[in-house]
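Peer 1: test case, fold it:
(chains A and B)
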2 protein chains.
Amino acid sequence: MDYFAGIEAGGTKFKAIIAQDPASVIAEEIFQTTTPEETLPHVVAFFKDVSIKYNIRIVAAGLSCFGPVDLDPNSPTYGTITTTPKLAWRNYPILKFFQDQLEVPIAFETDVNGAALGEGRWGAAKGISDFVYITVGTGVGGGVIHNYKPLFGMTHPEIGHMKIQPHPNDPYPGNCPYHTTCLEGLANAPSLSARWNADPETLPDDHPAWDFEAFYLGQAIHNLILVCSPKRIILGGGVLKRHGLIEKVRIESVRILNGYIKTSYLDTIDEYIVSPELGDRAGALGAIALLKSDTR
Amino acid sequence: MDYFAGIEAGGTKFKAIIAQDPASVIAEEIFQTTTPEETLPHVVAFFKDVSIKYNIRIVAAGLSCFGPVDLDPNSPTYGTITTTPKLAWRNYPILKFFQDQLEVPIAFETDVNGAALGEGRWGAAKGISDFVYITVGTGVGGGVIHNYKPLFGMTHPEIGHMKIQPHPNDPYPGNCPYHTTCLEGLANAPSLSARWNADPETLPDDHPAWDFEAFYLGQAIHNLILVCSPKRIILGGGVLKRHGLIEKVRIESVRILNGYIKTSYLDTIDEYIVSPELGDRAGALGAIALLKSDTR
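Peer 2: The predicted structure follows:
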């Protein structure tokens, strides 16, 4: 039978999946993201082993990759990872690697656009034309979907790097190597560890860490609403697994907007700012959704 | 002969124009924005007087209006101004007024989208699919154009109200009644007057006022690039008439981005961040451009 390979190339881990859709997953596997030389052969071996074991054929693959990546098919560096702080991956031609190894057509997108398209096709934004998917983990990123397609202009958005205001009581200076105090620099998981000198998972639900986090994510949502006016915002990633955090973010977003934007979407804020529905599979399934969408 | 009426309903002044395009302007006039009862009859009288004087027929009108406005044709309040701080205009059904008075089909947009479409059709963004038009005056607003159309999701963007970081040496608290320290609250013309206790026009070109202004506009451009990735940014409005300011903004934008986004567009920053070309006519001509575009 004919199946699709979905690859989510994340900054912390790779996820590989073989499926036609969420209801037909044959196999899935997670690999640590170390270096291209170490990580990528494991992914290829997984696809080859599973194909033989289940006697299936992989007819196409979707690759959604951490970025920034070059998404312009006319560029000589199309399919490479560009200015990432992960030095081993900088300028790495990841699309070409999988094309050479898998020998099938491969659709290519950012990791966050892939996850967004997965949620749009099968998850928390099904049927919604305009939405943003935000993920908060080691990095902070997002996919901006407009008219069912990833927004793309001079390049793809990198919403995690927008500038926002530090909390007046936050002494932490920010950790983004490019922008210090952008959203990622103030609200990623490493900032939580460094600010409170603790593993974030050990902080209780009522720790002020989560108020700061909600303050930053609320500002980011405010800015997203004012710049691209999504009809829904999906807020996921490891940090959002914290019990009660999304509720705090909803409250902060409404507080910061302060009634300036009036639409029926904002009347039901718990349907406007929502959790992902595909869980850890969003990225890899999203890579398969890529194959089913005309995304450019 | 058949002509179009263009109406730019601005927060400070209305501009009315009768033309087919920038090369065929029959007449134009400016009116102070006071109250609907006082301002609007002057605009209607202008169109009627000119039509008789030149023996022309106005066959359609474009209305580009300060906002926020309700742009959803299915909404019961379509064509009204909504949460503006200008109390006399709040909830005013401006589209209906002109429909009743002019008795021609009227295209309706935000003032900034109108100006953006004018610049896109005849001015500084001719032929560019994705760009942002920013205007800095009494208010700060902008039109986000994607695939040649105004970006529209849950409503239209209101980029002037994004949150940005106050300059560390700026004691001014911000003046936005909704968000205090958003872009508009920190960088509009009234903030310049209040911060320096002077008419901004009297400040010399080398006054630190313009460094602060460039810091704020540079951050806004950074955020726009990271959220909607335009291929060009047009920076206009009264404040940008200051000699040398756009050059400072270019430098600040590049400094804040800090090399994170690499595209050929940013290699020539003076072609990336540009001045408008239609001058004070952009809004009113843009209203006419509305009639020539399928903008939704």
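Peer 1: give the contact list for the residue nearest the centre of chain A.
Peer 2: Residue closest to the mean C-alpha point of chain A, counted by C-alpha atoms, centre = their mean, is A:Val112 at 3.0 Å. Contact analysis of A:Val112 by C-beta atoms under 8 Å, 6 or more residues apart in numbering or on different chains lists A:64, A:67, A:133, A:135, A:141-143. In this view, the C-beta of every residue, glycine as well, is placed from N, C-alpha and C.
Peer 1: where is pLDDT lowest across these?
Peer 2: Among these, A:Gly67 has the lowest pLDDT, at 80.
Peer 1: chain neighbours aside, what residue packs nearest to it?
Peer 2: A:Thr110 (4.8 Å; C-beta to C-beta, 6 or more residues apart in numbering or on different chains).
Peer 1: neighbours of that neighbour, just the number please.
Peer 2: 25 (other C-beta atoms under 10 Å in any protein chain shown).
Peer 1: and it, what are its phi and psi?
Peer 2: Note on A:Thr110: its backbone torsions stand at phi -70, psi 160 [degrees, to the nearest 10].
Peer 1: what parts of the stretch 151-296 of chain A come near chain B?
Peer 2: A:151-166, A:178-179, A:181, A:219, A:222-231, A:256, A:258-263, A:265-266 (C-beta under 8 Å from any C-beta of the partner chain).
Peer 1: buried stuff in stretch A:39-51?
Peer 2: Within stretch A:39-51, the residues that count as buried by 16 or more other C-beta atoms under 10 Å in any protein chain shown are A:39-40, A:43-44, A:46-47, A:50-51.
Peer 1: I'd like the mean pLDDT over that stretch, please.
Peer 2: 97.
Peer 1: can you give me the end-to-end span of stretch A:226-242?
Peer 2: 27 Å (C-alpha to C-alpha, to the nearest Å).
Peer 1: how about A:Ile18: what's its closest non-neighbour residue?
Peer 2: A:Ile26 (4.4 Å).
Peer 1: in the stretch 1-150 of chain A, which spans are helices?
Peer 2: Ranges of helices in the stretch 1-150 of chain A, per DSSP state H, counting those that start in this stretch, are A:36-54, A:94-102, A:111-122.
Peer 1: now the shortest one: average pLDDT?
Peer 2: The average of the pLDDT scores along helix A:94-102 is 97.
Peer 1: ok, now which ones touch A:Lys13?
Peer 2: A:30-33.
Peer 1: out of those, who's nearest A:Glu252?
Peer 2: A:Thr33 (31.2 Å; C-beta to C-beta).
Peer 1: A:Phe66 and chain B: what is the separation?
Peer 2: 14 Å (C-beta to the nearest C-beta, to the nearest Å).
Peer 1: so what does the residue nearest to that residue when sequence neighbours are not counted look like in phi/psi?
Peer 2: Here the nearest residue to A:Phe66 in space, its sequence neighbours aside, is A:Gly11; by C-beta to C-beta, 6+ apart that works out to 4.4 Å. Dihedral angles of A:Gly11 (phi, psi; degrees, to the nearest 10) stand at phi -70, psi -20.
Peer 1: run a quick neighbour tally on A:Gly11.
Peer 2: So A:Gly11, with other C-beta under 10 Å, has 19 neighbours.
Peer 1: could you do A:Ala9 as well?
Peer 2: Neighbour number of A:Ala9 under other C-beta under 10 Å is 31.
Peer 1: check A:Lys163 too.
Peer 2: There are 26 residues near A:Lys163, going by other C-beta under 10 Å.
Peer 1: where does it fall, phi/psi-wise?
Peer 2: According to degrees, to the nearest 10, A:Lys163 has phi -80, psi 140.
Peer 1: does it touch B:Pro166 like I think?
Peer 2: No - if you go by C-beta atoms under 8 Å, A:Lys163 and B:Pro166 don't touch, sitting 11.1 Å apart.
Peer 1: before we move on, the earlier item: pull out the buried residues from the contacts of A:Lys13.
Peer 2: For these, buried by 16+ other C-beta under 10 Å: A:31, A:33.
Peer 1: spatially nearest residue to A:Tyr54 (excluding sequence neighbours)?
Peer 2: A:Ile26 (5.7 Å).
Peer 1: distance of the one you found relative to A:Ile94?
Peer 2: 23 Å (C-beta to C-beta, to the nearest Å).
Peer 1: A:Gly139 too?
Peer 2: Applying C-beta to C-beta to A:Gly139 and A:Ile94 gives a distance of 17 Å.
Peer 1: who has more neighbours, the two?
Peer 2: Using other C-beta under 10 Å as the criterion, A:Gly139 and A:Ile94 rank with A:Gly139 on top: 25 against 21.
Peer 1: and the strand or helix carrying A:Asn223, how far out from the chain middle?
Peer 2: A:Asn223 is part of helix A:208-228, with elements assigned from DSSP states H and E. Chain-centre distance of helix A:208-228: 17 Å, with C-alpha atoms, centre = their mean, to the nearest Å.
Peer 1: returning to that earlier point: would you turn the helices of the stretch 1-150 of chain A into a markdown table with distance to B:Pro200?
Peer 2: Output for these, formatted as a markdown table (distance: least, C-beta to C-beta, whole Å):
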| stretch | distance to B:Pro200 |
| --- | --- |
| helix A:36-54 | 53 |
| helix A:94-102 | 50 |
| helix A:111-122 | 41 |
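Peer 1: and of the ones you listed, who's closest to A:Gln20?
Peer 2: helix A:111-122 (11.5 Å).
Peer 1: contacts only, for the residue nearest to A:Ile18.
Peer 2: A:3, A:18-19, A:50, A:54, A:56.
Peer 1: distance to B:Asp205 and neighbour count for the contacts of A:Val112 - can I get that in TSV?
Peer 2: Listed next are the contacts of A:Val112 as TSV, based on distance: C-beta to C-beta, whole Å; neighbours: other C-beta atoms under 10 Å in any protein chain shown:
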residue	distance to B:Asp205	neighbour count
A:Ser64	48	34
A:Gly67	40	24
A:Tyr133	45	33
A:Thr135	45	26
A:Gly141	40	30
A:Gly142	39	30
A:Gly143	42	29
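Peer 1: ok, now how distant is A:Ile145 from chain B?
Peer 2: From A:Ile145 over to chain B (counting by C-beta to the nearest C-beta), the distance is 10 Å.
Peer 1: cool, A:Glu37 as well?
Peer 2: A:Glu37 is 24 Å from chain B, by C-beta to the nearest C-beta.
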